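# here is my input; please provide its structure:
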Amino acid sequence: MADFRACRGGRVKIDINCDMGESFGAYRIGEDEKIIDYITSANIACGLHAGDPAVMAATVGLAARHDVAVGAHPGYPDIQGYGRRHIETFPGEIKNYVLYQLGALSAFARAEGIKVRHVKPHGALYNDAAGSERAASEIIEAVKAFDPDLIIFALSGSLFSEMAAAAGIKVANEAFPDRAYTRDGRLVSRNIEGAVIHDIRQVRERVLSLARTGKLTSIDGDEITLHADTLCVHGDTPGAWEIAREIRLSLEMAGITVTAEALV
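As a prediction, the model looks like this:
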């Protein structure tokens, strides 16, 4: 059952995160200014899969003004593929990619007088870490070298989540109300029809199922159990801000407090 952390008065609480700051140059992706009102953690692109210095600065500032926790969203160096393509790497290369991006985002956070609080890999790097011991290990090594107090966002039930916890890193297990799952708890490839759920009513039903039972139905029709500390909304999904609003309202109506403090 999902462990929506108990807080005073018998209520429970959870975090809502969103991948943000993914515009770059003349290209605008997502509606960060609209979605910021409904989330509690922002995963900000760090310039390799998306984002650029101007966008990073603006997005960190946006999060700071709205009291939203800031996290790094490092990906493979693949702007053309939006970081969603697996890249073969030499040993140590993933660690250096993550360190590089952590350093970049931390500079902008420091300029705003805040700190980077968490790390969530993006796209193919996230999926690789979920099932690859080497990818997971190198990300963990980068986090420990940079700041071992950072929280790692990892797919609930994944190898990455288990390895990060075993390494002494605080882990936020993540669930995706707007993404389809396989029967083994992995995210369905975006190349498969139905991988991304756009129907707001269906997203609401999935959120409430997580809140009440800790269970979702996979794309194959099987019931799966997920431990969820934080729920993700993809900022590049059309209408993402409406999805985030619906998720937050549904949770609050169910008596669940939406706060970044759920991860503390």
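# for the stretch 1-150 of the chain, what spans make up the helices?
32-35, 53-65, 93-111, 123-131, 133-146 (DSSP state H, counting those that start in this stretch).
# could you give the average pLDDT over the first one?
Model confidence over helix 32-35 averages 96 on the pLDDT scale.
# likewise for the fourth one?
Rounded to a whole number, the mean pLDDT of helix 123-131 is 95.
# so which residues make contact with stretch 24-40?
For stretch 24-40, the external contacting residues (Cβ atoms under 8 Å, 6 or more residues apart in numbering) are 15-18, 20-23, 42, 47, 50-52, 55, 59, 62-63, 66, 68-69, 79, 233, 235-236, 240-241, 244-245, 247-248, 258-260, 262. From N, CA and C alone the C-beta is placed, and that goes for glycine too.
# now, of these, which are buried?
Among the contacts of stretch 24-40, those classed as buried by 16 or more other Cβ atoms under 10 Å are 15-18, 20-23, 42, 47, 50-52, 55, 59, 62-63, 68-69, 79, 233, 235-236, 240-241, 244-245, 247-248, 258-260, 262.
# hang on, the earlier thing: which of the helices of the stretch 1-150 of the chain sits most buried?
helix 123-131 (a mean of 22; mean count of other Cβ atoms under 10 Å).
# what residues does that helix touch?
So helix 123-131 is contacted by 49, 74-76, 78, 82-87, 94, 97, 120-121, 135-136, 139, 154-155, 158-160, 186-187 (Cβ under 8 Å, 6+ apart).
# let's see which of the residues you listed end up in strands.
If you go by DSSP state E, those have Ala154, Leu155 in strands.
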